[in-house]
Every structure is written in C-alpha cells, then in structure tokens.
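J.: Here is a sequence together with a model predicted from it:
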Amino acid sequence: MLEPIINLGGDNRKKLNCLTELLGGTAEGSKGIAELETMLDLLEGLDIQSEVEIDQSLARGLNYYTGAIIEVKAKGVSIGSVCGGGRYDNLTGVFGLPDVSGVGVSFGADRIYDVLRELELFPPQVQATSKIMLVNFGEKEAVYALKVLEELQKTGVSAELYPDTAKMKKQMKYADQKGIRYVLLIGEEEMKSGLLTLKDMESGEQKKIELEKLKVVLGGV
C-alpha cells in the first residue's frame with residue numbers, strides 16, 4: 001500500500017491526482033489532499049522564488065503533527081533539510097492551553113552554517129578576523145587588558161581578549177589559527193611601566209610599545 005505512494009513521480013499536480021486515486025476514498029486521505037491543494041493554490045498566487053515540491057515520503061513527529069509538514073533544503077548542497085516543521089492542533093494542550101492550533105518551524109543552525117561555508121556566502125566583514133589579541137594572564141591582568149581593549153576598539157581597531165587564563169601555548173595557537181597577526185602581552189611588568197609587549201606573529205618580532213603609539217601602528221595596518 002505504501003510503496004506506490006512513496007514512489008510517486010511527476011510534478012505537484014500529477015502527484016495530487018495520483019494521491020486522489022490512491023487515497024481519495026478515505027476521509028483522512030481526502031482531507032490531506034484538499035489541504036495540499038489549498039496550499040499549492042495559495043503559493044501560486046505569491047511571488048515565491050524557491051521551488052515548492054510535494055514530497056509524500058516525508059514523515060515528522062507523528063505523535064504531534066496533525067497537518068501538513070514542511071522541510072527546507074538548500075540548493076546546490078547535499079546536506080538534507082536546514083529547516084523543518086508543520087501544523088499541530090493539540091500540542092498546546094500538553095502545556096495547559098487546549099484547543100489552540102499552530103504552525104511551527106525550527107532551524108538547524110549548524111547545517112545553515114555549513115551551507116553558508118560551502119557556498120561561500122559569508123560576507124567579507126564576517127570572515128575578517130581581529131587585528132590583535134590580548135593575552136589573558138590572570139584576573140588582575142585581564143581587568144587591565146579590558147581597558148586597553150576598550151581604547152583600541154574606540155579607535156576602530158578590531159581586537160579581542162582571550163576569554164580564559166589558559167597556557168600561553170594554547171593562546172598563541174588560537175591567535176595563529178585565526179590568522180591574528182598581532183598579540184599583546186600585558187603582565188605585571190607591563191602594568192607597572194605602561195609599556196606593552198607587542199608580538200608580530202608573522203615575523204616573530206617582539207617590542208615594547210605605548211598604548212597611544214600602538215593605536216597608530218594598528219590603525220595603519
């Protein structure tokens with residue numbers, strides 16, 4: 001019984017005609033077909049750019065969906081659906097709100113991210129990394145570094161403070177993996193002297209520098 005339904009081919013109207021022949025004699029079948037026809041008629045009157053296809057093989061949440069279900073796929077990517085949902089008439093009753101119908105969808109953030117990466121759709125400003133990372137030596141140093149971070153960001157410099165007091169090797173590896181060219185080290189000595197230690201990750205060079213001069217240097221790269 002299920003095989004001829006699952007294997008239906010053709011366009012949406014042809015599928016509906018075949019489904020009518022197979023299921024139209026039942027109350028539930030005719031109701032479902034009528035709902036699909038109504039949806040197609042409404043969509044045809046709208047300027048929908050995406051392709052709409054009836055897929056009679058789909059099944060989602062049989063314990064609470066009571067009407068049409070929806071899945072969204074990205075063109076040009078073999079990743080499955082990135083969004084899905086449908087109609088439910090009785091779900092709110094579980095939460096003490098009976099007799100309220102609804103339609104809901106959920107988005108797969110991980111899948112959408114993977115699609116954007118594969119299709120190279122992230123805008124350049126999103127892909128751009130920080131110019132400089134401030135090393136996190138500890139709570140006291142982080143408080144001082146936050147003030148430096150604020151000053152750098154005020155001048156338009158893209159900067160970040162490593163979020164944890166981790167080993168230096170781990171922090172440097174993070175900066176290297178993100179392609180951050182400069183790392184700023186602010187320890188006990190730097191806080192006392194006001195001379196910060198700037199490391200160029202490309203050349204490996206380190207030098208002492210005042211904050212005001214650092215703003216000028218980073219503003220020019």
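T.: On my side now, so go ahead. Numbers count the residues shown, from 1 in each chain.

J.: And the strands in the chain, which stretches?
T.: Assigned strands in the chain, in chain order: 69-73, 81-88, 102-107, 132-134, 159-161, 182-185, 196-200, 206-209 (criterion: DSSP state E).

J.: Please convert the ones you listed to a markdown table, extending it with mean neighbour count.
T.: Where C-beta positions appear, they are placed from N, C-alpha and C, glycine not excepted. A markdown table is the format used below for those (neighbours: other C-beta atoms under 10 Å):
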| stretch | mean neighbour count |
| --- | --- |
| strand 69-73 | 17 |
| strand 81-88 | 18 |
| strand 102-107 | 12 |
| strand 132-134 | 25 |
| strand 159-161 | 19 |
| strand 182-185 | 21 |
| strand 196-200 | 18 |
| strand 206-209 | 13 |
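
J.: closest one to Ala27 among these?
T.: Proximity to Ala27 (C-beta to C-beta) singles out strand 81-88 among the strands of the chain, at 17.5 Å.

J.: strands paired with the closest one, and their directions?
T.: Taking DSSP bridges as the criterion, strand 81-88 forms sheet pairs with strand 69-73 (antiparallel), strand 102-107 (antiparallel).

J.: got CSV for the strands of the chain, with mean pLDDT and distance to Met168 too?
T.: Shown next, in CSV, are those (pLDDT from 0 to 100; distance: least, C-beta to C-beta, whole Å):
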stretch, mean pLDDT, distance to Met168
strand 69-73, 93, 45
strand 81-88, 92, 40
strand 102-107, 92, 39
strand 132-134, 97, 12
strand 159-161, 95, 15
strand 182-185, 97, 9
strand 196-200, 96, 11
strand 206-209, 96, 13
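
J.: Gly187 is in contact with Asn136, isn't it?
T.: No. When contacts are counted by C-beta atoms under 8 Å, Gly187 is not listed as touching Asn136 (10.7 Å).

J.: what's the least confident helix or strand in this structure, going by average pLDDT?
T.: Lowest by mean pLDDT, DSSP states H and E among the helices and strands of the chain is helix 124-127, with a mean of 62.

J.: how about the strands of the chain, which one is nearest Glu120?
T.: strand 81-88 (16.5 Å).

J.: And the nearest residue in space to Lys215 that is not next to it in sequence, how far from Lys75?
T.: Computed as C-beta to C-beta, 6 or more residues apart in numbering, the closest residue to Lys215 that is not its neighbour in sequence is Thr155, at 4.9 Å. Noted for Thr155: a distance of 42 Å to Lys75, by C-beta to C-beta, to the nearest Å.

J.: want to throw the strands paired with strand 81-88 into CSV with distance to Glu150?
T.: Converted to CSV, these look like this (distance: least, C-beta to C-beta, whole Å):
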stretch, distance to Glu150
strand 69-73, 41
strand 102-107, 34
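
J.: For the lengthiest helix in the chain, name the packing helices and strands.
T.: Taking DSSP state H as the criterion, the chain has its longest helix at helix 27-44. Here helix 27-44 touches helix 12-23, going by 3 or more C-beta pairs under 8 Å, 6 or more residues apart in numbering; DSSP states H and E.

J.: I would like the residues contacting the helix it packs on, please.
T.: Counting by C-beta atoms under 8 Å, 6 or more residues apart in numbering, helix 12-23 makes contact with 4-5, 8-10, 29-30, 32-33, 36-37, 40, 52-54, 56, all of which sit outside it.

J.: Where does pLDDT dip in the protein?
T.: For the chain, the stretches flagged by pLDDT under 70 are 1, 124-128, 220-221.
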